[in-house]
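Asks: Here you go, sequence then predicted model.
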Amino acid sequence: MEFNVHHQVLLSVLGLAMLFGAVANKTHFCTLGAVSDWVNIGDTGRMRAWVFAMAVALAGVLAMEAFGFASISGTTFPHYRTPVFAWMRYLLGGFMFGVGMTLASGCSSKTLIRVGGGNLKSAVVLAVAALCAYAMIWTDLYAVAFNPWLAPTAVDLQQHAIRSQALGDVIARIAGGDGQIVGSVAGWVVVAAFVAFAFASRDFRGSFDNVLGGFVVGLLIAAGWYVTGGPLGAEWKDYAAMSAVPPSRVEVQSFTFIAPMGDTLRYLMSPANLELINFGVVALGGVLMGSFLYALAARRFRIEWFASPQDCARHLTGGALLGVGGVVAMGCTIGQAITGMSTLALGSLLTFAAIVAGSVATMKIQYWLMMREDG
């Protein structure tokens with residue numbers, strides 16, 4: 001088989017994803033942990049690491065677009081800056097995902113990292129989430145069960161003379177000015193605010209792992225955008241357009257993990273069809289590999305299984321909510337809350353808030369139930 005630009009892109013993604021898995025494992029970068037630390041012990045270090053990752057990713061996108069190194073202004077996967085503001089999808093899907101990640105002991109990326117570290121409970125969660133994501137994306141499940149009542153709630157911003165849901169376009173419509181310039185200025189203001197928020201706390205700046213985790217994860221998100229939205233990405237799209245059988249999902253994109261779970265299951269059902277191996281499939285495998293190699297090197301590899309039938313049921317339910325909720329929300333704690341936020345899409349901000357709300361509500365209910373049983 002001739003080595004071509006498609007293979008070059010996938011190898012680049014594999015390297016970035018392996019680094020993602022290793023660093024996230026080493027630094028305990030975890031969005032569920034971020035919410036849990038904040039709610040249960042008042043430690044905001046990992047929450048601020050999450051926000052710092054958003055700032056770094058956003059700064060990378062702003063710099064690349066300003067200097068013409070990459071462009072994400074057109075169609076992306078997912079289409080973050082779409083003019084269709086599906087607010088109910090973002091809220092419902094994000095809330096479901098937040099509940100799911102709490103029940104499953106981790107979000108989609110943390111599930112992959114835990115599997116790489118030997119956690120068999122997370123392997124079961126991954127299988128369930130992948131099956132549900134596959135059903136939502138590649139069968140009629142979403143069209144039948146969700147679209148009829150979610151689609152009417154979406155708002156077409158173009159009918160209100162707003163080009164897209166990017167923050168710059170919305171502000172420009174309200175206050176006037178060029179959307180691209182306004183978006184750039186607003187973006188750097190957000191970056192400054194997020195960085196200031198992160199470093200304002202000793203919980204964050206006092207932990208090397210928090211700073212490293214947030215910086216590297218954000219940088220890798222920006223690198224993903226560069227690979228697919230820069231010169232290599234343009235060549236990649238030309239290659240796909242000229243191919244008799246185009247590879248799957250040749251679009252400008254960066255890291256997200258729920259749709260790739262469904263895509264990975266789709267590929268595993270037809271393993272001879274190599275065209276189904278796409279950015280997300282390779283990213284998923286790379287995170288697993290990176291986490292596994294780091295766990296071995298650091299002697300952190302541990303086999304873990306369910307403590308009880310109730311523990312199993314809780315994780316199964318969480319996995320299902322991850323898969324379904326992540327597809328409804330069009331992303332996860334990485335795909336929407338960092339990758340999406342790097343585009344300044346309002347839907348990503350809404351999803352981020354809904355994920356945190358779902359997780360906090362679930363933790364509060366779990367605590368209430370525990371206290372009731374103890375009482």
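Replies: Done, it's in. Quick caveat: nothing in here was measured; it's all calculated off a predicted structure.
Asks: now the strands: where do they sit in this protein?
Replies: 76-77, 84-85, 155-156, 252-253 (DSSP state E).
Asks: So which elements touch the second one?
Replies: In terms of contacts (3 or more CB pairs under 8 Å, 6 or more residues apart in numbering; DSSP states H and E), strand 84-85 is packed against strand 155-156. For the C-beta atoms, the positions are set from N, CA and C on the backbone; glycine is no exception.
Asks: how about a cut-off of 10 Å?
Replies: The contact analysis (3 or more CB pairs under 10 Å, 6 or more residues apart in numbering; DSSP states H and E) places strand 84-85 against strand 155-156, helix 346-374.
Asks: Would you mind writing the CA trace of the helix or strand of the chain with the lowest mean pLDDT as CSV?
Replies: In the chain, no helix or strand scores lower on mean pLDDT, DSSP states H and E than helix 202-205, which sits at a mean of 88. Coordinates of each C-alpha in helix 202-205 appear next as CSV, following Å, rounded to 0.1, in the frame of the first residue of the first chain:
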residue,chain,number,x,y,z
ARG,A,202,-3.0,28.2,44.8
ASP,A,203,-4.8,24.9,44.2
PHE,A,204,-3.9,25.3,40.6
ARG,A,205,-0.6,27.1,40.4
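Asks: gap between it and the chain center?
Replies: Its chain's C-alpha centre and that of helix 202-205 lie 24 Å apart, by CA atoms, centre = their mean, to the nearest Å.
Asks: now swap in stretch 326-337 and tell me
Replies: 5 Å.
Asks: If you average the pLDDT over stretch 22-37, what comes out?
Replies: Averaging pLDDT along stretch 22-37 yields 94.
Asks: which stretch in the helices and strands packed on strand 84-85 has the least confidence?
Replies: Among these, helix 346-374 scores lowest, with a mean of 92.
Asks: tell me which residues in that one are buried?
Replies: 346-360, 362-363 (16 or more other CB atoms under 10 Å).
Asks: ok, now stretch 269-287?
Replies: Going by neighbour count (16+ other CB under 10 Å), the buried part of stretch 269-287 is 276-287.
Asks: quick revisit: of all the strands of the chain, which lies closest to Thr317?
Replies: strand 76-77 (28.3 Å; CB to CB).
Asks: Low-confidence stretches in the chain?
Replies: Across the chain, the ranges flagged by pLDDT under 70 are 1, 374-375.
Asks: Touching, Tyr134 and Asp263? I think so.
Replies: Yes - assessed by CB atoms under 10 Å, Tyr134 is found in contact with Asp263 at 8.1 Å.
Asks: Overlap in contacts, the two.
Replies: Between them, Tyr134 and Asp263 share no contacting residue under CB atoms under 10 Å, 6 or more residues apart in numbering.
Asks: In the buried residues of stretch 269-287, find the pair that's most separated.
Replies: Leu276 and Val287 (18.5 Å).
Asks: Please enumerate the helices of the stretch 101-250 of the chain.
Replies: For the stretch 101-250 of the chain, the helices defined by DSSP state H, counting those that start in this stretch occupy 108-116, 120-138, 141-145, 147-150, 167-175, 179-199, 202-205, 208-229, 231-242.
Asks: so who does Leu19 touch?
Replies: Taking CB under 10 Å, 6+ apart, we find Leu19 in contact with 216-217, 219-220, 223, 286-287, 290, 294.
Asks: quick one on the thing from earlier: output the helices of the stretch 101-250 of the chain in CSV; the columns should cover distance to Asn40 and mean neighbour count.
Replies: Formatted as CSV, the helices of the stretch 101-250 of the chain follow (distance: least, CB to CB, whole Å; neighbours: other CB atoms under 10 Å):
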stretch, distance to Asn40, mean neighbour count
helix 108-116, 17, 29
helix 120-138, 20, 22
helix 141-145, 34, 13
helix 147-150, 33, 12
helix 167-175, 32, 18
helix 179-199, 20, 17
helix 202-205, 14, 17
helix 208-229, 17, 23
helix 231-242, 42, 15
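Asks: wait, which of the ones you listed is closest to Val39?
Replies: That would be helix 202-205 among the helices of the stretch 101-250 of the chain, by CB to CB, at 13.8 Å.
Asks: Distance-wise, check the closest residue to Ala123 other than its chain neighbours relative to Phe257.
Replies: Leaving aside its chain neighbours, Ala123 sits nearest to Val115 (5.0 Å; criterion: CB to CB, 6 or more residues apart in numbering). Using CB to CB, to the nearest Å, Val115 is found at 12 Å from Phe257.
Asks: got it, and Asp178?
Replies: 35 Å.
Asks: who's more crowded, those two?
Replies: In this view Asp178 and Phe257 are compared by other CB atoms under 10 Å, and Phe257 has more residues nearby, 29 against 11.
Asks: Leaving out sequence neighbours, find the closest residue to that one.
Replies: That would be Ser108: by CB to CB, 6+ apart, it lies 3.9 Å from Phe257.
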